[in-house]
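Trainee: Sequence and computational prediction follow.
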Amino acid sequence: MAGAWPAAAILIRADRDDAEYLELASKYTSSLLLNAPDGEGVLIAPRWILTAAHMAKALEELKPVPRIVIAGREHRIQSFHLNPDWKKGVPASDIALIYLERAVTSIEPTPLYREKDEGGKTVVIVGHGYTGKIGEKPLAKERWDRKKRAAINTVDRISPRLLGLKIKTADEASDLQGAAAPGDSGGPAFLETPQGLFVVGIGSATDDANANGIIGDAGDWELYVRVSTFVPWIEAVMVDVAKRELTDLLDGSGRN
């Protein structure tokens with residue numbers, strides 16, 4: 001990679017109206033804004049948020065740990081679970097779980113994608129952070145509106161742990177192609193199937209493949225952690241937490 005930068009919100013096509021990206025994003029309610037102070041995650045179960053490990057780490061290190069506001073209601077974080085293979089600055093294995101103290105009841109979680117056929121699929125990426133036009137530097141942070149935007153991209157490259165979404169020229173791209181920008185790692189990539197909507201990837205970084213210093217222009221790659229690879233680890237963490245909570249309840253240590 002010429003240079004990898006944290007993944008983020010959505011840069012949009014210069015020839016498309018921003019309102020189209022905003023409208024598309026409204027359909028993806030399980031995509032959540034974190035407070036690290038930036039960052040994104042996705043609700044995959046009533047008490048579980050999937051995000052990037054580097055975002056979970058940043059959130060965990062804030063004192064006090066901020067609450068996550070979901071549908072207008074604050075939620076305390078009970079625990080963080082970072083993938084043990086993750087290394088700082090390395091996109092592979094950049095995945096983590098956040099466990100909430102109480103369930104989210106106002107938003108429907110999105111299940112995990114388990115198949116290994118992601119290559120060539122059309123996905124929707126979502127983010128709240130910086131925005132601007134593809135091929136240009138993102139807007140300055142003081143102009144960051146934190147509005148949720150979504151874009152339509154393609155999985156053009158796969159590896160055991162990563163999905164690569166190439167930023168294409170306007171004549172090659174989808175009508176609502178988007179690109180990541182600094183400020184909002186951990187955002188989901190969604191895949192629509194005949195069986196429903198699934199989380200297929202978690203945003204980790206942008207590879208400045210053309211080495212021009214402009215992140216998210218034609219030729220660059222958006223790197224998403226491949227969720228299907230990590231399903232066994234995700235489920236193992238969730239089961240382990242459930243078992244420990246049940247044990248605490250049965251032996252009385254979970255009483256207030």
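Mentor: Alright, I've got the coordinates. Bear in mind that the values here come from a model prediction, so they are computed numbers and not experimental data.

Trainee: hang on, D85 packs against S93?
Mentor: Yes: counting by C-beta atoms under 8 Å, D85 does reach S93; the two are 4.0 Å apart. From N, CA and C alone the C-beta is placed, and that goes for glycine too.

Trainee: Do you know the pLDDT at A209?
Mentor: At A209, the pLDDT value in this model is 80.

Trainee: Show me the shaky parts of the stretch 51-200 of the chain.
Mentor: When residues are selected by pLDDT under 70, those of the stretch 51-200 of the chain lie in 129-145, 181-184.

Trainee: And the helices in it?
Mentor: Secondary structure of the stretch 51-200 of the chain by DSSP state H, counting those that start in this stretch: the helices cover 53-61.

Trainee: now the strands for it?
Mentor: 68-70, 73-75, 77-82, 96-100, 122-127, 132-133, 149-154, 157-158, 162-166, 178-181, 188-193, 196-207 (DSSP state E, counting those that start in this stretch).

Trainee: distance between the fifth one and the chain's centre?
Mentor: Looking back up the chat, that one is strand 122-127. Computed by C-alpha atoms, centre = their mean, to the nearest Å, the chain-centroid distance of strand 122-127 equals 9 Å.

Trainee: Now E192: closest residue in space, sequence neighbours ignored.
Mentor: Spatial nearest neighbour of E192, chain neighbours left out: V124 (7.5 Å); criterion: C-beta to C-beta, 6 or more residues apart in numbering.

Trainee: is it true that the one you found touches A189?
Mentor: Yes: between V124 and A189 a contact is recorded at 7.0 Å, counting by C-beta under 8 Å.

Trainee: Tell me which of D85 and S93 has more neighbours.
Mentor: S93 (20 against 14; other C-beta atoms under 10 Å).

Trainee: Test my guess that the more buried one contacts W86.
Mentor: Yes: assessed by C-beta under 8 Å, S93 is found in contact with W86 at 4.4 Å.

Trainee: Tell me the spacing between the spatially most central residue of the chain and D171.
Mentor: With distances taken as C-alpha atoms, centre = their mean, the residue of the chain nearest its centroid is G187 (1.8 Å). The gap separating G187 from D171 is 26 Å, by C-beta to C-beta, to the nearest Å.

Trainee: Quick check on A242: phi, psi?
Mentor: phi -60, psi -40 (degrees, to the nearest 10).

Trainee: overlap in contacts of V124 and A189?
Mentor: N153 (C-beta atoms under 8 Å, 6 or more residues apart in numbering).

Trainee: of those two, who's got more company?
Mentor: Between V124 and A189, counted using other C-beta under 10 Å, the more crowded position is A189 (27 against 22).

Trainee: That one pairs with what?
Mentor: I125, G201 (DSSP bridges).

Trainee: three-state assignment of the closest residue in space to L59 that isn't next to it in sequence?
Mentor: In this structure, L59 finds its nearest non-sequential neighbour in A36, 4.1 Å apart by C-beta to C-beta, 6+ apart. Judged by DSSP: H, G, I helix; E, B strand; the rest coil, the three-state class of A36 is coil.

Trainee: Contact partners for A36?
Mentor: Taking C-beta under 8 Å, 6+ apart, one finds M55, A58, L59, L62, P66 in contact with A36.

Trainee: Check P160 too.
Mentor: If you count contacts by C-beta under 8 Å, 6+ apart, then P160 has R226, T229 around it.

Trainee: Likewise for the one 5 residues further on?
Mentor: Residues counted as contacts of L165 (C-beta under 8 Å, 6+ apart) are V123, I125, N153, T154, V155, D156, A189, W221, E222, L223, Y224.

Trainee: Cheers, nothing more for now.
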